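S.K.: Here is a sequence together with a model predicted from it:
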Amino acid sequence: MTTSAQLFEQACRHIPGGVNSPVRAFKGMNRPPVFMERALGACLFDVEGKRYVDYVGSWGPMITGHADPDVLGAVRERLDSGLSFGTPTAIETTMADLICEIIPSIEMVRMTSSGTEATMSAIRLARGVTGRDRIVKFEGNYHGHSDSLLVKAGSGALTHGEPSSPGVPASLAEQTITLPYNDIDAVEQCFEEIGSEVACIIVEPVAGNMNCIPPQPGFLEALRRVCNTHDSVLIFDEVMTGFRVALGGAQAHYGVKPDLTCLGKIVGGGMPVGAFGGSETIMSNISPLGPIYHAGTLSGNPLAMAAGVALLTKLRAPGFHNALAQRVDTLCHGLQERADAAGIDMITQRAGGMFGLFFTRQSRVDNFAQATACDDDAFRRFFTAMLDEGVYLAPSAFEAGFMSSAHTPEDIQLTLDGAEKAFASLSHR
Ligand code: PMP
């Protein structure tokens, strides 16, 4: 039997870091990543035959569990017709109609092949329609790896942004302003000073890339207000929250309507898909209707559309999202009880079908500074102990956890039993 450690060693020869996306490498965990072989329902099975209850769910898409028979069936049904034609196909219209029905702020939608492309294209559209270059984002929010968005805050709130990766031109990063999440004053001050230069605000309406941080009451509303006042475009990056926090995404859950919405993950049912959409007025500026360019050889790929349409259709079942949120509640309450009993400082935060664990004495975590102040070492030891117990959490303290409708009460109980032991091992050090 080839072990994960052996496969990782082989992978490192020709793949940088042995992985095709960095978080998979288990950096800082003092152990090689686990190579998975197959998945079913709530579980992953590694190459050594070990089973894990999975709370990553391919980073979000597997909301009805892995290898969902309806999704696989839809893909199988189309498979023999060919993989890609580079022409329009009817299922792209089915997908667009479905998205527009589920998310009323979207009247027109374009498909992409990733979340990164969705946010990149939405930013271009916002810049194109406003004729402005500057954009506002938030510290700790992640919107994919396009140049304008790989930018961190400069030393003061309104200073020019700095590239967060070598290779991002400083002249481009200067156009991106990064503000603290959940800080209405910072947003208002920024817009008072340079509102007329800002093309858009892009925000994760529930932050899922610095653990799980819901918006404070009034935060999303304030973003809507300043964008209205200054004719800037409000972009909700719902790549993570779309179809998960509620069927209609965070915008339905919190009742705030963005101008543009970016989607990914669930919208492709596990296939490489993203999307961006908004009102007909703004979307009709996209080529070929208008001058703002967007394209993609595999955008709207029929197999990917089949998977996404099958999954979205299932999520419309009445009560689906309530049941999902209840599972998250059961898990989070159970974890809290066990952490408290073991004397471990830990809190949980959640929104619909996503959740996060913070090893901290703070009573809540609202921004990046507070998220990074948590005990990273405690998280790492908890993560490793949980892996040994057969529970697969995101291998980073800065990623949200994802629940699926395939997680049974037994899966959750197994997780809580594992956590009891993991917390005990933390408190006995
Ligand atoms: N936006 C958000 C909120 C994300 O969480 C991610 C990926 N985790 C992206 C954009 C980028 O999506 P992709 O990895 O599909 O390019």
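M.R.: Everything's here; your move. Numbering: from 1, shown residues only.
S.K.: what sits against the residue of the chain at minimum distance from the ligand?
M.R.: Residue of the chain nearest the ligand, by C-beta to the nearest ligand atom: Gly115 (2.3 Å). For the C-beta atoms, the positions are set from N, CA and C on the backbone; glycine is no exception. Residues near Gly115 by C-beta atoms under 8 Å, 6 or more residues apart in numbering: His143, Gly144, Asp237, Val239, Cys262, Leu263, Gly264, Lys265, Gly274.
S.K.: okay but the last one is in contact with Thr116, surely?
M.R.: To tie it back to what came earlier, the one meant is Gly274. Yes: counting by C-beta atoms under 8 Å, Gly274 does reach Thr116; the two are 7.3 Å apart.
S.K.: Tell me the spatial nearest neighbour of Val53, not counting adjacent residues.
M.R.: Asp411 (4.7 Å; C-beta to C-beta, 6 or more residues apart in numbering).
S.K.: circling back: near the closest residue to the residue of the chain closest to the ligand other than its chain neighbours, how many other residues are there?
M.R.: Nearest non-adjacent residue to Gly115, counting by C-beta to C-beta, 6+ apart: Gly264, 3.1 Å away. Other residues near Gly264 number 28, with proximity taken as other C-beta atoms under 10 Å.
S.K.: Please apply the same query to Cys43.
M.R.: Cys43, neighbours per other C-beta under 10 Å, totals 20.
S.K.: cool, and the one 10 residues further on?
M.R.: Other residues near Val53 number 23, with proximity taken as other C-beta under 10 Å.
S.K.: Kindly state the beta-bridge partners for it.
M.R.: When assigned by DSSP bridges, Val53 has beta-bridge partners Cys43, Val391.
S.K.: wait, it sits on Leu393?
M.R.: No: if you go by C-beta under 8 Å, Val53 and Leu393 don't touch, sitting 9.6 Å apart.
S.K.: returning to that earlier point: wait, what's in contact with the residue nearest to Gly115?
M.R.: Residues near Gly264 by C-beta under 8 Å, 6+ apart: Gly60, Ser114, Gly115, Ala118, Val239, Met240, Gly242, Val273, Gly274, Ala275.
S.K.: do Gln362 as well
M.R.: By C-beta under 8 Å, 6+ apart, Gln362 lies in contact with Ile347, Gln370, Ala373, Cys374.
S.K.: Can you give me the buried ones in stretch 22-42?
M.R.: Neighbour counts over stretch 22-42 (16 or more other C-beta atoms under 10 Å) mark Val23, Arg24, Ala25, Phe26, Pro32, Pro33, Val34, Phe35, Met36, Ala39, Gly41, Ala42 as buried.
S.K.: Apologies, that question was intended for stretch 81-100.
M.R.: Buried residues in stretch 81-100 (16+ other C-beta under 10 Å): Thr89, Ile91, Glu92, Thr94, Met95, Ala96, Leu98, Ile99, Cys100.
S.K.: Give the other helices and strands that the helix or strand where Asp411 lies contacts.
M.R.: In this assignment (DSSP states H and E), Asp411 forms part of helix 409-427. Packing partners of helix 409-427 (3 or more C-beta pairs under 8 Å, 6 or more residues apart in numbering; DSSP states H and E): strand 51-54, helix 320-342, helix 376-388, strand 391-392.
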